[in-house]
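Chemist: sequence and predicted structure below; questions after.
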Amino acid sequence: MAVRILLSSTHKHFSLISPISSSKKYFKTGIRIGRNFPSTLFSSRSSAALFCSCSSNNDLNNSGEKTINNTTEPYVLTTPLYYVNAPPHMGSAYTTIAADAIARFQRLLGKKVIFITGTDEHGEKIAAAATASGSSPREHCDNISHAYKMLWKDLDIAYDKFIRTTDSSHETIVKDFYSRVLANGDIYRANYEGLYCVNCEEYKDEKELLENNSCPMHLKPCVARKEDNYFFALSKYQKSLEDVLIKNPDFVQPSSRLNEVQGWIKSGLRDFSISRALVEWGIPVPNDEKQTIYVWFDALLGYISALSPEEKQPALQYAVSSGWPASLHLIGKDILRFHAVYWPAMLMSAGLSLPKKLFGHGFLTKDGMKMGKSLGNTLEPKDLVHRFGSDAVRYFFLREVEFGSDGDYSEDRFINIVNAHLANTIGNLLNRTLGLLKKNCQSTLIVDSTVAAEGIPLKDNVEILVEKARNHYEKLSLSSACEAVLEIGNAGNLYMDERAPWSLFKQGGAASEAAAKDLVIILETMRIIAVALSPIAPNLCLKIYAQLGYSQDQFDTITWRETRWGGLKAGQVMAQAQPIFARIEHTTEGEEGGEAKKKVVKDKKIPKIQVAAEA
């Protein structure tokens, strides 16, 4: 027998739909608790989905631009809280890079952004990893959490809140939340017997396991366990969750993830265990110190506890009032069920609003193959940043991986893409334009960019592409946003080649004056690129802005309004041209162990592999 749950006879409305096996029997030996638990925070409960009904307060000005007033609710964006059983990998870096780009774009729109990331630090697997490393769980968590912070610094991740689930304030809020769910009658006690994956820290459905009862994710046999645990009445929220997806089909994105979630719910929801009797490294269950709260029930609350005001004592109500609900949960597709099924039901039980949107992105592969330490083909984000720089890493993964789909990394393609796009299309255009300006105009603009572009089609083309980029950013189509900005660079290069200002300067007179205007037009195009691409490659764009004569303070305060044509003014002095992105030379080990330069190969499309290791 793989699974057996012993339930109370008073728990009739919590039917276990789609049990793991139709032959299983249920016995009336569970202990029902929580019916008369006093509500200390809120006076009412509802199983209906609660979405924030606040208006966006986004209006259009006379130019058709969205404006944000001071009463606008914050844009709260979260990454997963990363599990600290091991140092950060490229999968977690990818999620966080994407989240940072989205946060930076929202800031450009003038919104108050609260970008939350952090680490999930409880559970059996953490304790085991600490033992293996010869340290205490606390020491292990401190080391790995610090490694995440250092990597985020290397990748220019501008987060606002970093939450650790071992923070005392987080524990307080988890217990508050648990008590509210308990008071709503949605927690009960029962015996549970089943097959448990230690790596997933989750009981598994026997039908989803591989040969020898192996977990399909970790490829290790699950172990038989029997525990007396507390359960959350997930099945009670079957109809409510179905209604959420019907009324708000954009709740889960992309559409392929929505289809997965609908399939899970349609097949029937089972109550799940939210405590562990055999795990010591965790938050104790209120009123039962012999059990700890299940790691997922604990970690999901980090999205709320991160909002706790520092000046107040930690409490659920204060955290919720400081920014909840989240505008966007950004996650890997492997943790979709926890976020799109368990989490909304938990929030309904507690009477809290649901997040506005969940987005589950795909996996990464390397050279078309699943990553794994045994294959020796893991991709270390820290090494990539140290070799190629943060802008190259950020740009490649956001440009080359269609957000929401699986994507592949190969070093040849990485080098070709960043060289072609950042060094050539963008960097070289700026460098040669500034060089001509210095040689012929003493690095000074002779006319406003608005005047220079009168009757010039390039201006209209750039404005169209900027709007295109904005629309893609808003739809989380980050690859397409990069492409639209790159098209602006291509248009600038085409204009430069067609106008050939170096030849016009040689002619002198009116031709020389026209050439000087051409340089203003191209530099205005570069200025707009620096704003529009800044969510993706912030350091690169700062370098562009600096060479156009602006300070870092000016760059740090730009908004999307600066993508409008007309920013450069007559008399503005440009800085001396310096390469903003050096071409990457691909090297391999020579026959004698030294390094030999390798010719960069042409970009080749590599088939996507559907199975991947890192989320």
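Modeler: That came in fine, so what should we check first? Quick caveat, the model's predicted, so the values are computed rather than measured.
Chemist: where in the stretch 251-400 of the chain is pLDDT low?
Modeler: Across the stretch 251-400 of the chain, the ranges flagged by pLDDT under 70 are 370-377.
Chemist: can you give me the helices in it?
Modeler: 255-266, 295-299, 302-305, 316-320, 336-337, 343-350, 381-388, 390-400 (DSSP state H, counting those that start in this stretch).
Chemist: can I get the ones you listed in TSV with distance to residue 491 and mean neighbour count?
Modeler: All C-beta atoms are positioned from the backbone trio N, CA, C, and that covers glycine. Formatted as TSV, those follow (distance: least, C-beta to C-beta, whole Å; neighbours: other C-beta atoms under 10 Å):
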stretch	distance to residue 491	mean neighbour count
helix 255-266	32	15
helix 295-299	46	25
helix 302-305	41	26
helix 316-320	47	21
helix 336-337	39	18
helix 343-350	44	24
helix 381-388	27	17
helix 390-400	18	23
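Chemist: those: which one's closest to residue 568?
Modeler: helix 390-400 (23.3 Å; C-beta to C-beta).
Chemist: just checking, what packs against that closest one?
Modeler: Of the remaining helices and strands, those touching helix 390-400 by 3 or more C-beta pairs under 8 Å, 6 or more residues apart in numbering; DSSP states H and E are helix 90-108, helix 381-388, strand 407-409, helix 411-418, helix 478-499, helix 538-547.
Chemist: in the first one, what's buried?
Modeler: Taking 16 or more other C-beta atoms under 10 Å as the neighbour-count basis, helix 90-108 is seen to contain the buried residues 90-108.
Chemist: and if you look at the fifth one?
Modeler: Applying a neighbour-count criterion of 16+ other C-beta under 10 Å, one finds 478-489, 491-493, 495-496, 499 buried in helix 478-499.
Chemist: give the next helix or strand downstream of that helix.
Modeler: helix 501-507 (DSSP states H and E).
Chemist: pLDDT weak spots in the stretch 451-600 of the chain?
Modeler: 587-600.
Chemist: let's see it at 90
Modeler: Applying pLDDT under 90 to the stretch 451-600 of the chain flags the ranges 576, 585-600.
Chemist: same check on the stretch 51-200 of the chain?
Modeler: Within the stretch 51-200 of the chain, the set of residues satisfying pLDDT under 90 comprises 51-73, 86, 91, 124-125, 191-200.
Chemist: strands along the stretch 451-600 of the chain, start to end?
Modeler: For the stretch 451-600 of the chain, applying DSSP state E, counting those that start in this stretch gives strands covering 587-589, 595-597.
Chemist: what's the spacing between residue 160 and residue 116?
Modeler: Distance of residue 160 to residue 116, computed by C-beta to C-beta, to the nearest Å: 7 Å.
Chemist: ok, those two, which is more surrounded?
Modeler: A direct count of neighbours by other C-beta atoms under 10 Å for residue 160 and residue 116 places residue 116 higher, at 25 against 16.
Chemist: okay, now the sheet partners of the helix or strand hosting that one, with direction.
Modeler: Element membership for residue 116 (DSSP H and E) is strand 113-120. Strand 113-120 pairs in its sheet with strand 75-83 (parallel), strand 161-164 (parallel), by DSSP bridges.
Chemist: let me have those in CSV, extended by mean neighbour count and distance to residue 426.
Modeler: Converted to CSV, the strands paired with strand 113-120 look like this (neighbours: other C-beta atoms under 10 Å; distance: least, C-beta to C-beta, whole Å):
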stretch, mean neighbour count, distance to residue 426
strand 75-83, 25, 27
strand 161-164, 20, 32
